[in-house]
Structure formats: structure tokens, C-alpha cells
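Chemist: Here is the input, now give the coordinates:
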Amino acid sequence: MQALRDFQLFLLVADCGSLSGAARRLDLTPAAASIGLKRLEAELGVQLFLRSTRSLRLTAEGQVYLEHCRQAMQLLADGREAALTGSTTLSGVLQLSLPSDFGRHVALPWLDDFQAENPALSLRLLLSDRPADIYRHPVDLALRYGSLPDSSLVALPVAPDNRRILCASPAYIASHGQPATPHQLVDHNCLCFLLGDEVHDRWRFTRDGGELSVQVRGNRIADDGDAARRWAIAGRGIAYKSALDVAGDLAAGRLRRLCPEFAGEAAALNLLCADRRQISPLVQTLRQFLAERCSSLLATIGS
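Modeler: Have a look, this model is predicted:
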């Protein structure tokens, strides 16, 4: 199995961009990792990396070999999955990236249920509104709202009809009133958020086939959806949130929906992976599980 270990080392070095980082992941000393990489290069008869004291990058031959090595490792994983098809439960480690607010307040209890149904499954979660780089971060799958950040990724629909909705707390509405139309948002404190590095302060809506957009402003901006939701509940302003994120707050009365006759921006939720060969029985089962839960949740607010 030494050859397989060397393949894993090569892939990790390529993903981490660091020999020491890959060594830590495999619980090896840097010296042992260096020996393993040299052994693989000697066996292949090509240099896979250009090394200096400060940097390490793939050679042209290493780049070509990387793609074949990824395919080989995926085939091995698929073979293991096929050998276990007689099992009634799913197993392995699921490395999943989720949006901050959706992950903490919606998906965590759902994943508890999913893991209870599949006790041999281990979870490793990354909660962040920053897009996860599936190719470089220790992530197998990513749940993300909106359009694909990378057209080469594969998107499996989870909640294709999800949209953003306007909402505010009863306390805010009692103190400041509520807009009758989105145009009146200019008279309110709007809780803006960052999409990438840009402030999302132009909120778009449709009604009866017509489109409108409103330039909003407010005294609070966050790069974390959880912060915007908490501010809204605390009465700090009006939020423009994914319906999935605030469905529970609407049902509990912590937030109220505003201008419901105006449809907000599409915010489809997709399960992303780097390659269709990753769509294993585990991924298919997880997607179906999440899709059913999202559908039921959206039904509670008619979204």
C-alpha cells in the first residue's frame, strides 16, 4: 500500500501547496514526506514539483499527472462504495461547507437527524459565507446560494425555488413603521451584507412580470448572514434574507415578512461538487434528504 500512500501525499501536496502541510495531514514528518515524494518521482521518471526554500509548484508534467491521479483515487473510492452497496447505512467522512446562517440555525439539526439515520457517517463542517474552494480546501461538497462561482463545478439542486424576502422584527415595525412597497425602503435602515467583496445594497424584486430595484442604505453591514439575521431580530433594521434562513423566525413571530406581494431575488440552494464522479450514493442520499427538508420548510411560509 506504499504506492497508494505516495499518491495521497502527492495529491495533498498539490492541494495544500506545501509539503509540511501535507505531512501534517498524513501524520508524517516533513522528512518522511519528502522521501515519499522523491520515491514517486523516481518511479515515474519525471519531476512533479519545482521546489525552492520558499515555494513549491507543480511542473507541467506534475499538472498532467495530477488529473490522472485524482481520477485514479476517485475510481478506488467508487470501487469501495460499490463493494459496500449491500450495507443499509452510509459510512465514511463527509466534509461539507455550508452558509453561516443556514448552517447554524437550519442545517445543523437536520444533519443530526441524517447522522442518526447513518451512524457510521462522520461529519466535518465548514460554516462560512465565503465561497469554499473545493479544489484547495478540505471540503468534498459545498451548499451554496445563487449562481455557480465556478462554471466547472457540478450543481445538484436542493431548493431551486428559494428566494430572498424582506423581513423585520415587530419592535422595529412598531417604532419605524413598515414599507408598503420596496420603493419605501429608502426611508428605512436596511441591514446590508457582503457578496464576495461587494456590498449588496441594491435589492431587486419582481411583481406581475415587472422588475424593480432599490438602492438601500443602513448603518450596519456584515459578511456573515447570521449577524444580519440577529440584527433584524433585535430590531436594528430591515433584512433581505433567504427564505430558508428566516422561516423559523417568521413562524415563531420573531420576524415579520414585508411586502409579500413582491418576489425577491432568486436564491436557489445547490449542493456543489468538483466532478460528477463524486456523486456517490452518499451524495445522492444527502441531496434528497436536504431537498425534502427544504421543501417542507419553505411550505410553511408559502415561498
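Chemist: quick one: buried residues of stretch 55-68?
Modeler: Within stretch 55-68, the residues that count as buried by 16 or more other C-beta atoms under 10 Å are 56, 58, 62, 65-66. Glycine gets a C-beta too; all of them are placed from N, C-alpha and C.
Chemist: so of the residues you listed, which ones are in strands?
Modeler: Secondary structure defined by DSSP state E assigns 56, 58 of these to strands.
Chemist: got the CA coordinates for the helix or strand bottoming out on mean pLDDT in the chain in CSV?
Modeler: Least confident helix or strand of the chain, by mean pLDDT, DSSP states H and E, is helix 60-83 with a mean of 78. Taking C-alpha atoms only, helix 60-83 is exported to CSV below (Å, rounded to 0.1, in the frame of the first residue of the first chain):
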residue,chain,number,x,y,z
ALA,A,60,3.9,20.8,-16.4
GLU,A,61,4.3,17.0,-16.0
GLY,A,62,3.0,17.2,-12.5
GLN,A,63,-0.1,19.1,-13.6
VAL,A,64,-0.9,16.4,-16.2
TYR,A,65,-0.2,13.6,-13.6
LEU,A,66,-2.4,15.4,-11.0
GLU,A,67,-5.5,15.0,-13.1
HIS,A,68,-4.9,11.3,-13.7
CYS,A,69,-4.1,10.7,-10.1
ARG,A,70,-7.3,12.4,-9.0
GLN,A,71,-9.3,10.1,-11.3
ALA,A,72,-7.5,7.0,-10.1
MET,A,73,-8.2,7.9,-6.4
GLN,A,74,-11.8,8.5,-7.3
LEU,A,75,-12.1,5.1,-9.0
LEU,A,76,-10.7,3.5,-5.9
ALA,A,77,-13.3,5.3,-3.8
ASP,A,78,-16.1,4.3,-6.2
GLY,A,79,-14.9,0.7,-6.0
ARG,A,80,-15.0,0.7,-2.2
GLU,A,81,-18.5,2.3,-2.4
ALA,A,82,-19.6,-0.4,-4.8
ALA,A,83,-18.2,-3.2,-2.6
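Chemist: And it, what does it pack against?
Modeler: Under the contact definition 3 or more C-beta pairs under 8 Å, 6 or more residues apart in numbering; DSSP states H and E, helix 60-83 sits against helix 2-16.
Chemist: next structured bit after the helix it packs on?
Modeler: helix 19-25 (DSSP states H and E).
Chemist: among the buried residues of stretch 55-68, which two are most distant?
Modeler: Across the buried residues of stretch 55-68, no pair lies farther apart than 56 and 65, at 15.2 Å, counting by C-beta to C-beta.
Chemist: Quick one: the helices in this structure, in order.
Modeler: Assigned by DSSP state H, the helices in the chain fall at 2-16, 19-25, 30-44, 60-83, 100-102, 108-117, 170-176, 225-233, 243-252, 281-299.
Chemist: Show me the protein divided up by domain.
Modeler: Annotated domains of the chain cover 2-83, 92-161+268-299, 164-264 [automatic domain parsing].
Chemist: I figured residue 272 was touching residue 158, is that so?
Modeler: No: with contact defined as C-beta atoms under 8 Å, residue 272 does not reach residue 158; the gap is 10.0 Å.
Chemist: Spit out the residues that contact those two alike.
Modeler: Residues touching both residue 272 and residue 158 (C-beta atoms under 8 Å, 6 or more residues apart in numbering) are residue 143.
Chemist: where does this structure have low pLDDT?
Modeler: Scanning the chain with the threshold set as pLDDT under 70 gives 1-2, 78-90, 131-138, 148-151, 303.
Chemist: again, only using 50
Modeler: Counting by pLDDT under 50, the chain has low-confidence residues at 86-88.
Chemist: Surely residue 110 touches residue 291?
Modeler: No: Residue 110 lies out of contact with residue 291 (C-beta under 8 Å); the separation is 11.2 Å.
Chemist: so how many other residues sit close to residue 54?
Modeler: Number of residues near residue 54 (other C-beta atoms under 10 Å) recorded here: 5.
Chemist: Then residue 18?
Modeler: 16.
Chemist: What residues does it make contact with?
Modeler: Counting by C-beta under 8 Å, 6+ apart, residue 18 has contacts residue 56.
Chemist: Same check on residue 47?
Modeler: Residues in contact with residue 47 (C-beta under 8 Å, 6+ apart) are 41, 59, 61-62.
Chemist: want to try CSV for those, with distance to residue 258 as columns?
Modeler: What follows is the contacts of residue 47, written out as CSV (distance: C-beta to C-beta, whole Å):
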residue, distance to residue 258
41, 62
59, 57
61, 59
62, 55
